[in-house]
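Enquirer: heads up, no residue letters with this:
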């Protein structure tokens, strides 16, 4: 299903680490084979973000074969020492992503900033320049790059692979000013890849939810700690 305000791009990098953040509290880390919704949403927000909008990832296309690589790292522990851990990354990755934005309906205080065309064209210009903030694939050490690209352009490693299932996996978070509002919630789903393409279910259709904690939304005020799109275009 096509949406208005849609952007498509290629994101690629040497390494990626997609996993449930609940498993990242020290110790070993092992990446999922496929990107999580939250990781791709984070890339969209690194390209262009305002609290007025919410990015929705529609689908991703896997362009390169699944390859993993393990590394020995020495993470810092809570007491200031370090220990040897093995992290397993996805190696030499590239994906095509299609995403769109919608208004954040919980942000009634920012209705004055709902200028659809200007947000869309600001997002497109930011994408053409490689994003506004650092792009990374799952974790900060996995630096990546984005370029505009049509979703179906070129060939992919799994274009004729049929259907592949991946079991229950982490989908993303609902933060205090999104989703149900007022609480941080983790979502999980059952992804399937068909001929290299994974169509993400909307956040409200995930199979499993886990409430983590109460979370109050940050306050934004136009002209003080938030600039309007019109001001940014000057």
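Expert: Thanks, I have the structure now. Because the structure is predicted, anything quoted here is derived from the model rather than measured.
Enquirer: tell me what the longest helix out of those in the chain is packed against?
Expert: The longest helix of the chain (DSSP state H) is helix 116-128. Packing partners of helix 116-128 (3 or more Cβ pairs under 8 Å, 6 or more residues apart in numbering; DSSP states H and E): strand 6-16, helix 37-47, strand 85-103, strand 144-148, helix 229-232. No exception for glycine: its C-beta is placed from N, CA and C like everyone else's.
Enquirer: what's the neighbour count on the spatially closest residue to residue 14 that is not a sequence neighbour?
Expert: Nearest residue to residue 14, sequence neighbours excluded (Cβ to Cβ, 6 or more residues apart in numbering): residue 92, at 6.4 Å. The number of residues packed near residue 92 is 13, by other Cβ atoms under 10 Å.
Enquirer: same check, this time on residue 82
Expert: Neighbours around residue 82, by other Cβ under 10 Å: 11.
Enquirer: same question for the one 4 residues further on.
Expert: As a burial measure, residue 86 scores 12 neighbours (other Cβ under 10 Å).
Enquirer: that one touches residue 71, doesn't it?
Expert: Yes - assessed by Cβ atoms under 8 Å, residue 86 is found in contact with residue 71 at 7.2 Å.
Enquirer: how close does the residue nearest to residue 14 get to residue 12?
Expert: As judged by Cβ to Cβ, to the nearest Å, residue 92 and residue 12 stand 9 Å apart.
Enquirer: next: residue 108.
Expert: Following Cβ to Cβ, the distance that separates residue 108 from residue 12 is 38 Å.
Enquirer: those two - which one has more neighbours?
Expert: Legend: neighbour count by other Cβ under 10 Å for residue 108 and residue 12, higher for residue 12 (18 against 7).
Enquirer: alright, calling it a day.
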